[in-house]
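In: Curious how this folds, go ahead:
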Amino acid sequence: MSVPALLDHSHYEQACDQAIAMCDGNMRSTIKALIMANEYLEAELEELQAAISAGCIPEASRSRSSAA
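Out: All right, here's what the predicted structure looks like:
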């Protein structure tokens, strides 16, 4: 990845604008929604890590490996 590509943050600007618009311009609601989404993703990651530690293979991995 080139240096100019690393410095291009326009996709973050677009994502911020979209999140704010989805919350009708309310910044507090936007931050709350993003925190909630992050907590959900953290919980999902913990579940996946626990499953992998227990030797389980997530469904997505199984379907990819059988397609190969």
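In: for the one helix or strand K32 maps to, which positions count as buried?
Out: Element membership for K32, per DSSP states H and E: helix 27-53. Using 16 or more other Cβ atoms under 10 Å as the burial criterion, the residues of helix 27-53 that qualify are T30. Heads up, the C-betas are built off the backbone N, CA and C, glycines and all.
In: for stretch 9-25, same thing?
Out: 19-20, 23.
In: Just the ones in strands from these, please.
Out: Judged by DSSP state E, the buried residues of stretch 9-25 include no members of strands.
In: what's the closest of those residues to I57?
Out: A19 (33.5 Å; Cβ to Cβ).
In: Quick check: the closest one vs L41, distance?
Out: Distance from A19 to L41, counting by Cβ to Cβ, to the nearest Å: 15 Å.
In: what does T30 give?
Out: 17 Å.
In: Kindly report the same for H9.
Out: 21 Å.
In: for the protein, what helix or strand is lowest in average pLDDT?
Out: Every helix and strand of the chain was ranked by mean pLDDT, DSSP states H and E. The lowest is helix 59-67, at a mean of 63.
In: my guess is A19 contacts I35, does it?
Out: No - the pair A19 / I35 is not scored as a contact, 11.6 Å apart, by Cβ atoms under 8 Å.
In: which residues of this structure score low on pLDDT?
Out: 1-6, 58, 60-68 (pLDDT under 70).
In: try 90
Out: Applying pLDDT under 90 to the chain flags residues 1-9, 56-68.
In: From C56, how far out is the one residue sitting closest to the centre of it?
Out: Geometric centre of the chain, nearest residue: L41, 6.5 Å, by Cα atoms, centre = their mean. L41 sits 19 Å away from C56, going by Cβ to Cβ.
In: now do S29
Out: 37 Å.
In: do M27 as well
Out: For M27, the distance to C56 equals 40 Å [Cβ to Cβ].
In: Understood, closing this out.
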